[in-house]
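Novice: Dropping a prediction and its sequence here:
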Amino acid sequence: MAKKGRRSTDEERIRAVQLMECGKSPEMVADVLGVSRSSVFEWQKKYRERGLAALSTRFASGRPTVLSDEQMVKLYSLIAGKDPRQLSFGMALWTRKMVAELIHRQFGARLSLVTVGRILKKLGMSPQRPLYRAYQQDPEKVKKWKEKDYPAIRTEAGRAGAAIFFADESGVRTDHHAGTTWAPVGQTPTVTATGERKSIGMVSAVSPRGKLHFELFYGTMNAARFIEFCKKLLHDCPSPVFLIVDGSPAHTAKATREYVLSTKGRLHLFFLPPYSPELNPDEWVWKNVKNDQIKRTVPMGQAHLYELACSALRRLQNAPNIVRGFFADPHLSYTRVQQVA
């Protein structure tokens with residue numbers, strides 16, 4: 001089956017070239033980026049004939065960079081997805097000053113912070129808040145999940161006519177608000193908010209097809225609440241459900257296991273590797289609900305918070321294209337069907 005056509009980004013084209021120049025196979029690059037092999041070959045050809053300007057409008061216009069195209073590709077490979085501590089820097093977050101030092105180490109050039117910022121922008125990079133990952137994570141288990149466990153689950157789901165869902169729980173408090181507002185310089189604005197610190201719980205499940213199921217509750221998640229959520233999920237899904245979750249107590253409890261057995265094959269539970277939230281697309285639901293929607297409002301109490309969360313989740317439920325977009329995260333490329341161009 002051919003891959004669906006879509007407009008590639010500058011970052012994807014640069015990343016593809018960087019991987020190819022480092023000796024990665026076209027098949028691997030196409031799979032990682034979710035594009036066709038023909039596109040990968042075309043990008044490499046353009047780069048070798050006309051340089052980075054052929055791949056990115058950022059290089060085709062504006063002030064030229066002081067680094068060569070080969071140096072720019074090398075710099076991208078050193079920064080993208082890398083921990084500065086791997087290169088003997090003392091901090092874990094990239095700054096312009098650290099990148100300037102890296103450029104001096106690698107290429108012998110001393111550049112101003114302004115120039116470094118311009119180079120990073122041309123490479124499609126921007127200052128971002130990182131996701132923190134537990135050091136206890138086992139890379140071998142993650143690799144096995146991506147290369148063997150999940151493909152086996154997907155194959156079995158296809159045989160059984162089952163729907164695959166990823167589920168997770170989260171919570172949000174009435175004092176969860178952030179963001180900025182315009183005000184006169186030197187006059188910090190005041191926003192009226194509730195002084196109480198109450199919370200609500202949320203559980204949801206998403207599918208690669210863009211389906212979203214959710215429940216809100218007061219209190220903490222336990223086996224009984226998780227079972228009730230599973231019952232409603234099965235009620236809404238005519239097919240068997242393959243539900244992928246983490247190893248929290250609510251998911252591994254004896255009562256949960258007994259309930260799964262009682263469904264006689266309608267529900268199967270599968271468990272992600274420990275300390276690996278980035279492998280669960282449902283994490284993006286909470287980012288969207290809490291950071292993109294609720295944080296910009298001001299909950300005036302627990303009941304109001306419940307309404308805001310419910311509204312945000314229903315908005316997502318009615319936008320399957322956004323939910324499908326969660327699976328485009330690079331950490332979730334393993335969920336895409338292996339296809340040949």
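Specialist: Looks like it came in fine. Numbering: from 1, shown residues only.

Novice: Counting neighbours, which bits of stretch 150-170 end up buried?
Specialist: For stretch 150-170, the neighbour count (16 or more other CB atoms under 10 Å) marks 150, 153-154, 157, 162-170 as buried. Every C-beta, even on glycine, is put in place using the N, C-alpha and C of the backbone.

Novice: One more: stretch 46-58?
Specialist: Those would be 46-47, 51-52, 54-56, 58, for stretch 46-58 by 16+ other CB under 10 Å.

Novice: Columns distance to residue 13, pLDDT and secondary structure on top of these, output as JSON lines?
Specialist: Output for those, formatted as JSON lines (distance: CB to CB, whole Å; pLDDT from 0 to 100; DSSP: H, G, I helix; E, B strand; the rest coil):
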{"residue": "46", "distance to residue 13": "8", "pLDDT": "86", "secondary structure": "helix"}
{"residue": "47", "distance to residue 13": "8", "pLDDT": "83", "secondary structure": "helix"}
{"residue": "51", "distance to residue 13": "12", "pLDDT": "82", "secondary structure": "coil"}
{"residue": "52", "distance to residue 13": "9", "pLDDT": "81", "secondary structure": "helix"}
{"residue": "54", "distance to residue 13": "9", "pLDDT": "80", "secondary structure": "helix"}
{"residue": "55", "distance to residue 13": "4", "pLDDT": "80", "secondary structure": "coil"}
{"residue": "56", "distance to residue 13": "7", "pLDDT": "76", "secondary structure": "coil"}
{"residue": "58", "distance to residue 13": "11", "pLDDT": "69", "secondary structure": "helix"}
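
Novice: quick one: which of those is nearest residue 24?
Specialist: Nearest to residue 24 among the buried residues of stretch 46-58: residue 47, at 14.2 Å, using CB to CB.

Novice: how far away is that closest one from residue 159?
Specialist: 42 Å (CB to CB, to the nearest Å).

Novice: Can you pull out the low-pLDDT segments for the stretch 101-250 of the chain?
Specialist: Along the stretch 101-250 of the chain, segments meeting pLDDT under 70 span 129-136, 176-183, 185-193.

Novice: Okay, strands next: where are they in it?
Specialist: Counting by DSSP state E, counting those that start in this stretch, the stretch 101-250 of the chain has strands at residues 163-173, 199-206, 212-217, 241-245.

Novice: what sits up against the second one?
Specialist: Same thing as strand 199-206. Residues outside strand 199-206 that contact it (CB atoms under 8 Å, 6 or more residues apart in numbering) are 165-174, 212-221, 225-226, 229, 233, 243, 281-282, 284-286, 289, 302, 305-306, 309, 313, 323, 326.

Novice: which of those residues are buried?
Specialist: By 16+ other CB under 10 Å, these give 165-174, 212-217, 221, 225-226, 229, 233, 243, 281-282, 284-286, 289, 302, 305-306, 309, 313, 323, 326 as buried.

Novice: neighbours of the closest residue to residue 141 other than its chain neighbours, just the number please.
Specialist: Ranked by CB to CB, 6 or more residues apart in numbering and with sequence neighbours excluded, the top spatial neighbour of residue 141 is residue 273, at 4.0 Å. Neighbour count of residue 273, defined by other CB atoms under 10 Å: 19.

Novice: How about the secondary structure of residue 273?
Specialist: When classified by DSSP: H, G, I helix; E, B strand; the rest coil, residue 273 comes out as coil.

Novice: Pull the number of nearby residues for residue 11.
Specialist: With other CB under 10 Å as criterion, residue 11 counts 16.

Novice: For it, give me its contacts.
Specialist: 123-124.

Novice: measure it to residue 117 for me?
Specialist: Taken as CB to CB, the span from residue 11 to residue 117 is 17 Å.

Novice: Likewise for residue 322?
Specialist: Taken as CB to CB, the span from residue 322 to residue 117 is 31 Å.

Novice: just residue 105 next, same as before
Specialist: 18 Å.

Novice: Tell me which of those two has more neighbours.
Specialist: residue 117 (17 against 11).

Novice: Was I right to think the more buried one contacts residue 96?
Specialist: Yes: using CB atoms under 8 Å, residue 117 is in contact with residue 96, at 5.5 Å.

Novice: picking up where we left off before, out of the buried residues of stretch 150-170, who's nearest residue 112?
Specialist: When the buried residues of stretch 150-170 are compared against residue 112 (criterion: CB to CB), the nearest one is residue 170, at 42.6 Å.

Novice: Is the closest one bridged to anything, and to what?
Specialist: Partner residues in beta bridges with residue 170, using DSSP bridges, are residue 202.

Novice: Wait, it touches residue 290, no?
Specialist: Yes: between residue 170 and residue 290 there is a contact under CB under 8 Å: 7.3 Å.

Novice: quick one, domains of this protein?
Specialist: Following the assignment in automatic domain parsing, the chain carries domains at 10-122, 139-177+193-335.

Novice: can those go into JSON lines with extra columns for distance to residue 184?
Specialist: Formatted as JSON lines, these follow (distance: least, CB to CB, whole Å):
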{"stretch": "domain 10-122", "distance to residue 184": "28"}
{"stretch": "domain 139-177+193-335", "distance to residue 184": "21"}
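
Novice: Quick check: which of the ones you listed is nearest to residue 128?
Specialist: domain 10-122 (9.9 Å).

Novice: Distance from the closest one to the middle of the chain?
Specialist: 21 Å (CA atoms, centre = their mean, to the nearest Å).

Novice: how far does that domain stretch from start to finish?
Specialist: By CA to CA, to the nearest Å, the extent of domain 10-122 from end to end equals 9 Å.

Novice: Much appreciated, bye for now.
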